[in-house]
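Novice: when you get a sec, could you give me coordinates for this:
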Amino acid sequence: MVTIRRGRPTQAEAKELQEKLRDAAVATFLEHGYDAATMEAIAQAAGITKRTLYARYPDKRAVFLDVIPWALTRTVARENPEVDGEDLPTVLLAIGRGALQHALDPDTIRLHRIAMDVSARFPEFAVSAESFGWSRRHRQVVDLLRRHQEDGTIEVDDVELTAEHFLAMVEVLPARLADFGVYRKKKEQEGRLEYAVDLFLRGVLPR
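Specialist: Residues are numbered from 1 along each chain as shown. Presented below is the predicted three-dimensional model:
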């Protein structure tokens, strides 16, 4: 009887396995929280052996450090709108809606809570804002404002700081309220977003 030995997985197969493993890990942390989640449960959810899981991650901490930033930045990428060719108010409203969609997503809120509960044990999360999905959207706003600054559409001294303040206006308070289970009605949320964009534009448009 001839035994056929399987070779190393292809790059595509390895990537598919990694995505499957990350999805399973996120689902496990969402269901059990960090402390109650186990490597065995993650492997079972992914449909792989513990040996395969341990070949990629030495322990649960390493899994958590990998999948939390991945999960949060993935949702930001999905919710970032295409904004080329639109006028500035329209683009800012679109970005604001994407930010709110991310901030108020139930899984995002639960992941934030889990991460915050154990944050003292994970100082690595403080190294980069990318860990919690802020950096990618911030870069999008920076690039947008810089283009308009170069065109003379707006006047700002510090583009990066201005972008940061815009996101703080539209996203931070709703996100913090959601952490405590407080949500505004959709119509009210849209009205507050429109007001924030109008207020922001008054500060950056040439006088």
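Novice: average pLDDT across the lengthiest helix in the chain?
Specialist: Longest helix in the chain, counting residues (DSSP state H): helix 11-36. Averaged over helix 11-36, pLDDT sits at 92.
Novice: so how far is that helix off the chain centroid?
Specialist: Computed by Cα atoms, centre = their mean, to the nearest Å, the chain-centroid distance of helix 11-36 equals 16 Å.
Novice: what's the first helix or strand after it?
Specialist: Next helix or strand after helix 11-36 toward the C-terminus (DSSP states H and E): helix 39-46.
Novice: in that next one, what counts as buried?
Specialist: By 16 or more other Cβ atoms under 10 Å, the buried positions in helix 39-46 come out as 39, 41, 42, 43, 45, 46. From N, CA and C alone the C-beta is placed, and that goes for glycine too.
Novice: and that helix, what does it pack against?
Specialist: Packed against helix 39-46 by the contact rule (3 or more Cβ pairs under 8 Å, 6 or more residues apart in numbering; DSSP states H and E) you find helix 11-36, helix 50-56, helix 60-79.
Novice: got the angle for it vs helix 60-79?
Specialist: If you take axes from the mean of the first three to the mean of the last three Cα atoms, to 10 degrees, helix 39-46 sits at 40 degrees to helix 60-79.
Novice: quick check: mean pLDDT of helix 39-46?
Specialist: pLDDT averaged over helix 39-46 gives 96.
Novice: low-confidence ranges, this structure, go.
Specialist: Applying pLDDT under 70 to the chain flags the ranges 1-9, 75-85, 126-134.
Novice: can I get the helices and strands packed on helix 39-46 in TSV including mean neighbour count and distance to residue 105?
Specialist: Output for the helices and strands packed on helix 39-46, formatted as TSV (neighbours: other Cβ atoms under 10 Å; distance: least, Cβ to Cβ, whole Å):
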stretch	mean neighbour count	distance to residue 105
helix 11-36	16	12
helix 50-56	13	27
helix 60-79	18	6
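Novice: out of the ones you listed, flag the one nearest residue 180.
Specialist: The closest of those to residue 180 is helix 11-36. By Cβ to Cβ, the value is 17.9 Å.
Novice: name the helices or strands packed onto that closest one?
Specialist: Using 3+ Cβ pairs under 8 Å, 6+ apart, helix 11-36 sits against helix 39-46, helix 50-56, helix 60-79, helix 106-117.
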